[in-house]
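**Student:** Predicted model, plus sequence, below.
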Amino acid sequence: MKTLISSDVRLLADLIRKGGVVVFPTETVYGIGASSKNEEACKRIYQIKGRPSDNPLIAHFDSIGSIEKVCKVNEFAKRLLGEFSPGPLTLVLPKLDTSIFPKDSETLAVRIPKNPVIREWIGLCGSPISAPSANLSGRPSLTRMTDVVRYFDGIVDGIFLTDEPSLGIESTVVGMHLDPPVLFRPGSIESKDLRRFLPHLMVPKSFQVQGEMTPASPGMKYKHYAPKAKVYLCHATEFHSNFQKEGENPSFAWIGFSFDGKEIVEGGFRIGLDSPERIKLVSSNREYSSFLYAFFEFCDQMGMERIYCEEPALGEGREALLNRLEKASESE
Ligand code: TXA
Ligand code: MG
């Protein structure tokens, strides 16, 4: 298949209206999308990703008004959307319009991406865009154009060329159809931010549902975000002492905190600015999140065996980053 790689919103909207599948960037990660009103096209996304059929897709909208046409939006949902959209927030709402994929579901996850060019494109498509993250099921989401082209050129109808994701991890998902509302997936908008507008938000102790239990959000039961390399999540002291022992091993990779952007000093060793690419130093949880999946991809490309990840710092950005690292480091 010939893939149109373009920034032309009209051509890319034409592809969607004709039943095509298009990979596009959002501020979180890349999505792989089709018209929410075209069941065949949405089902093709499941085939391409190898996604379990019981895991529903987020519908992406251009405005709050368009969401209100297809879902029941109560006062709390309206306030959250008013505060955090466009942005990395997904709300699961009661669905009113049965023509939207998945047709037989009584709920719909909705989100308005931040990039105005993407919103313009969604508007031109004439329907919401149903899209999971653009990756093979279970693997890390993609955040770099070069990775998207490597996986999807020749597989999808179009690839949208515009700003790459900046946040690097998927949106916060809140089940607003439940009472009390439940945090299904932590993201850049943290539970403390949500609680300002949603004091009764329920935050589960674990975002992983084990065994045969049916979770309220199917994504909670599947393995996620895992590269081929084995991921080790380490406390700072363990990370540093492991690095001292094994930092020279060319098939081991490291991602953790730097000091002044240059060195890890706590363990008594130093990595200069010329550290190899398999050692990624970050200075905040936000920076860590923005690089994490791209680093996982890079490590798999390089055939790394292990990736050591330092535990996120306390405070801002920890909730979602720790969740992704825990999931990535779970054994099979
Ligand atoms: O940042 C993001 O959210 C990205 C970009 C592309 O928007 N999308 C994304 O989609 O991460 P996906 O499919 O990889 O994750 C969506 C999550 C899954 O865990 C899924 O189970 C849950 O949202 N979800 C979707 N629809 C749902 C529904 N109706 N009820 C409960 N959970 C739902
Ligand atoms: Mg995903």
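**Tutor:** Received the coordinates, thanks. Ligands and ions are numbered 1, 2, ... in the order given.

**Student:** C-alpha only now, for contacts and for neighbours.
**Tutor:** Will do.

**Student:** next one: stretch 59-67 to chain centre, how far?
**Tutor:** 19 Å (C-alpha atoms, centre = their mean, to the nearest Å).

**Student:** Now for residue 207: which residues touch it?
**Tutor:** By C-alpha atoms under 8 Å, 6 or more residues apart in numbering, the contact list for residue 207 reads 184-185, 220, 323.

**Student:** That one and ligand 1: what is the separation?
**Tutor:** The gap separating residue 207 from ligand 1 is 10 Å, by C-alpha to the nearest ligand atom, to the nearest Å.

**Student:** Also residue 99?
**Tutor:** Note on residue 99: its distance to ligand 1, by C-alpha to the nearest ligand atom, is 14 Å.

**Student:** thought that residue was touching residue 69?
**Tutor:** No: with contact defined as C-alpha atoms under 8 Å, residue 99 does not count as touching residue 69 (12.0 Å).

**Student:** So which of the contacts of residue 207 sit within strands?
**Tutor:** Among these, DSSP state E puts 184-185 in strands.

**Student:** Can you tell me which of the contacts of residue 207 is nearest ligand 1?
**Tutor:** Using C-alpha to the nearest ligand atom, residue 220 comes nearest to ligand 1 of the contacts of residue 207, at 6.0 Å.

**Student:** Surely residue 118 forms part of a helix?
**Tutor:** Yes: counting by DSSP: H, G, I helix; E, B strand; the rest coil, residue 118 is found in a helix.

**Student:** can you pull the contacts of it?
**Tutor:** Counted by C-alpha under 8 Å, 6+ apart, residue 118 has contacts 24-26.

**Student:** can you give me the helices for the protein?
**Tutor:** Under the criterion DSSP state H, the chain contains helices at 9-17, 39-49, 64-70, 75-84, 116-125, 145-152, 191-195, 236-246, 285-301, 318-329.

**Student:** ok, the contacts of residue 118 vs ligand 1, which is closest?
**Tutor:** Taking C-alpha to the nearest ligand atom as the measure, ligand 1 lies nearest residue 26 of these, at 6.2 Å.

**Student:** my read: that closest one touches residue 162, true?
**Tutor:** No: using C-alpha under 8 Å, residue 26 is not in contact with residue 162, being 9.2 Å away.

**Student:** Among those two, which residue is more densely surrounded?
**Tutor:** Neighbour count, other C-alpha atoms under 10 Å: between residue 26 and residue 162, residue 26 has more, with 27 against 16.
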